[in-house]
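Trainee: Quick check, what structure comes out for this input:
(one chain, ligands or ions: 2)
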Amino acid sequence: MYRILEHTMINLVLFGPPGSGKGTQAQKIIEKYGLVHISTGDLFRYEMSHDTPLGQQAKAYIAKGELVPDSVTIGMLRNKVEAHPDAKGFIFDGFPRTIAQAEALDALLLEKGTAVMALIALQVHDQEIVKRIKLRGATSGRTDDSDEEIIRNRISVYKNETSPVFDYYASKGKSHSVNGIGSIDEIFGRLVDVIDQTAVAARA
Ligand code: C5P
Ligand code: MG
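Mentor: Ligands and ions are numbered 1, 2, ... in the order given. The predicted structure is shown next:
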């Protein structure tokens, strides 16, 4: 029963360290596949800019490059998913960031009769990440993009708390990696190859 429904949706986790190009590539993927883009980082920034209770809760963590507590992030994610009952699929960008978030995502999607189809990690080395984030910080207005110490902390949080999520989905045969260095279109081509291959395999 679940299997049939599961395969009618394309749910992707776009994975990788901060500054690896997830937001840029997610934008191109939703255009091609008609998916709903959910960036938890963007959601937090929206809440902060409107000074909502959720934004106030998240602010101190984000300023330091730490993770917002799982319960807060998971609740926000659930609301966003449930706001799109007719979605053809979702692209999760910057979520899940912890194993607890991955388990919560799986439970939520199972409740809806669906599942994560694939996790795709953009591979970019640290030196390039720091360079890209500083460049983005010059125009993004994001304070967490401007301070090298905070950037380094975000990278270490990624390595310690987030990278186990790759292994979690790898143990389910769902994790893939692509080279995140190159032009936007080159990287997009690599992502499309993985998405099309896994979508075909899921329908077989
Ligand atoms: O995904 P992005 O890099 O835009 O996230 C910016 C910040 O938002 C992170 O450094 C972190 O402080 C917070 N965040 C979080 N949990 C998530 C996504 C983002 O704590 N799942
Ligand atoms: Mg982003």
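Trainee: And for His125, nearest residue in space, chain neighbours not counted?
Mentor: Ranked by CB to CB, 6 or more residues apart in numbering and with sequence neighbours excluded, the top spatial neighbour of His125 is Ile181, at 8.0 Å. C-beta coordinates here come from the backbone N, C-alpha and C atoms, glycine included.
Trainee: From the structure, what's the count of residues near that neighbour?
Mentor: 14 (other CB atoms under 10 Å).
Trainee: ok, the closest residue to ligand 2 within the chain - contacts?
Mentor: Ligand 2 sits closest to Gly23 of the chain, with a gap of 3.6 Å, by CB to the ion. Shown in contact with Gly23 (CB atoms under 8 Å, 6 or more residues apart in numbering): Ser39, Gly41, Asp42, Asp93.
Trainee: can you rerun that using 7 Å?
Mentor: Gly23 makes contacts with Ser39, Asp93, as judged by CB atoms under 7 Å, 6 or more residues apart in numbering.
Trainee: Can you name the element that comes right after the strand or helix carrying it?
Mentor: Assigned by DSSP states H and E, Gly23 belongs to helix 22-33. Following helix 22-33 in sequence order, the next helix or strand is strand 36-39 (DSSP H and E).
Trainee: Show me what that next one is packed against.
Mentor: For strand 36-39, the elements it packs on are helix 22-33, strand 90-93, judged by 3 or more CB pairs under 7 Å, 6 or more residues apart in numbering; DSSP states H and E.
Trainee: Would you map the helices across the chain?
Mentor: Using DSSP state H, the helices of the chain run over 2-6, 22-33, 40-49, 53-64, 70-82, 99-111, 126-140, 148-157, 164-170, 184-203.
Trainee: Give me the distance between the closest residue to ligand 1 within the chain and Gln127.
Mentor: Scanning the chain for proximity to ligand 1 using CB to the nearest ligand atom identifies Gly41 as nearest, at 2.0 Å. From Gly41 across to Gln127, the span is 22 Å (CB to CB, to the nearest Å).
Trainee: swap in Gly173?
Mentor: Gly173 sits at a distance of 32 Å from Gln127 (criterion: CB to CB).
Trainee: quick one: the residue of the chain closest to ligand 1 and Phe92 touch, right?
Mentor: No. Using CB atoms under 7 Å, Gly41 makes no contact with Phe92, being 11.3 Å away.
Trainee: Find the residue at the geometric middle of this structure.
Mentor: Asp93 (2.1 Å; CA atoms, centre = their mean).
Trainee: and that residue, what are its bridge partners?
Mentor: Leu14, Ser39 (DSSP bridges).
Trainee: Kindly report the residues of this protein close to ligand 2.
Mentor: Listed as neighbours of ligand 2 in the chain under the rule CB under 5 Å from the ion: Gly23, Gly41.
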